[in-house]
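[1] predicted model follows, preceded by the sequence.
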Amino acid sequence: MGYKLGTILKKITALTMIFSCSFAHADTSAENEKKLFTKDLFTISELLSVDEKATIYSINANEKGLSHRATRTEKPTRNNLRIYQAPSRRDKYILKVFDKDNKVISVMGLGNPFYIHVQHMGYEDSHVFGGKISRKFDIPIPFEINAGYISLNSQDDFGIKEIQKIRLN
């Protein structure tokens, strides 16, 4: 009796292992997104300097989309260079810069720049402490890189979704 029970348990364990391994798979799209974030991000930020002129794209953005305001050539300020931050899981919005061939050149994490938190004395009991706003971004791109498009993307627990993509020139 003990021998038969042992072989039955071995067969059940083996079948369980085979069955559970057949349903396991790796999500390669998440790995590709991670590689995309770090691949060209540092290349652009290393090429930029406050001492050398760059093409600066001014865009207006809100949670529904973005619009290209102007393009100018000047030296970027330190404040302009701060936009080049690696995206993290906490970033609600992400900017992607593409070249003319729709290849991603840079990815920037924005956090949640379209919601402003405010507090006012005397309104501590209020449930609303902020509101939605529009923001202006100045994005410097080195002369060596020809940017063609920029997109605003939202990020949640399920991944990254493009909100709007516009042409820069």
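    Now that the structure is in, tell me what you want to look at.

[2] host element of the spatially most central residue of the chain?
    The residue lying closest to the centre of the chain (C-alpha atoms, centre = their mean) is residue 94, at 3.4 Å. Residue 94 is part of strand 93-99 when elements are defined by DSSP states H and E.

[3] hang on, isn't residue 60 packed against residue 138?
    No: judged on C-beta atoms under 8 Å, residue 60 makes no contact with residue 138 at a distance of 11.0 Å. All C-beta spots, glycine's among them, are computed from the backbone N, C-alpha and C.

[4] the more surrounded of those two?
    residue 138 (18 against 13; other C-beta atoms under 10 Å).

[5] now do that one, the pLDDT please.
    On the pLDDT scale, residue 138 is placed at 92.

[6] one more: residue 54?
    pLDDT at residue 54 comes out at 90.

[7] how many neighbouring residues does the closest residue in space to it that isn't next to it in sequence have?
    For residue 54, ignoring the flanking residues on the chain, the nearest one in space by C-beta to C-beta, 6 or more residues apart in numbering is residue 140 at 4.3 Å. Using other C-beta under 10 Å, residue 140 has 23 neighbouring residues.
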